[in-house]
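Asks: the following comprises the amino acid sequence and a computationally predicted model.
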Amino acid sequence: MNIRLATIEDAAMLTAMGRDFLQYSEYRNIQVTDEQLQAGIAQIIAFECSFVAEMDGKVIGAILGVTGPLWFAAHVRTAIELAWWVDPDYRITSAGIRLLKTFEDHSHNLDVQYIAMSDLVVQGDTPVARLLGRMGYSVTERMHTKEI
């Protein structure tokens, strides 16, 4: 398995993965074209803080992130994960953990002081929360959404 920096050439494959993620999540009712999804992914890749996991030449997972300041402390750089997905057939591998570790290492090299990870709710459960807790993350804020 290879973990590498995501490039614009990965955007089409990541768009297909993005579709899988959207169907898995509570965001499934948001209408978005593949062109819109791919354009958003390309914008995130431009921050050079996104990685893909490859196995036998096939992209099997990704973590997409950006860096920026904390809103209340502009001097504190933060890496913010916007999407983290591993194809269900490959979740028994180390791809997810390796993507996160690479994201952490890269963030450290950018002099980032905090990493913010999302906590997706799936059928009322937060399965990633346990993993993040074991890896030293603490719950500091949760996001709630409402369609209006």
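Replies: Thanks, I have the structure now.

Asks: what stretches of this protein score poorly on pLDDT?
Replies: Within the chain, no range satisfies pLDDT under 70.

Asks: ranges for the strands of it?
Replies: Listed in chain order, the strands of the chain (DSSP state E) span 2-5, 51-55, 58-70, 73-86, 114-116.

Asks: so for K146, which of these sits nearest?
Replies: When those are ranked by proximity to K146, the top entry is strand 73-86, at 19.7 Å, counting by C-beta to C-beta. The C-beta positions use only the backbone N, C-alpha and C, and glycine is treated the same way.

Asks: please name every helix or strand in contact with the closest one.
Replies: In terms of contacts (3 or more C-beta pairs under 8 Å, 6 or more residues apart in numbering; DSSP states H and E), strand 73-86 is packed against helix 11-24, strand 58-70, helix 95-109, strand 114-116.

Asks: buried deepest among those, which one?
Replies: Burial of the helices and strands packed on strand 73-86 is given as mean neighbour count (mean count of other C-beta atoms under 10 Å); strand 58-70 ranks first at a mean of 20.

Asks: so what's D10 up against?
Replies: 45, 52, 59, 62 (C-beta atoms under 8 Å, 6 or more residues apart in numbering).

Asks: who's in contact with the residue lying closest to E54 once chain neighbours are set aside?
Replies: Spatial nearest neighbour of E54, chain neighbours left out: N2 (4.6 Å); criterion: C-beta to C-beta, 6 or more residues apart in numbering. Taking C-beta under 8 Å, 6+ apart as the contact definition, N2 lies against 53-55.

Asks: what's the answer for L99, then?
Replies: With contact set as C-beta under 8 Å, 6+ apart, L99 has these partners: 3, 51, 53, 61-63, 84, 86.

Asks: now do it against E141, distance only.
Replies: As judged by C-beta to C-beta, to the nearest Å, L99 and E141 stand 22 Å apart.

Asks: which residues are in contact with stretch 32-45?
Replies: Around stretch 32-45, the neighbours that count as contacts under C-beta under 8 Å, 6+ apart are 6-8, 10-12, 14-15, 18-19, 22, 50, 64-66, 82-83.
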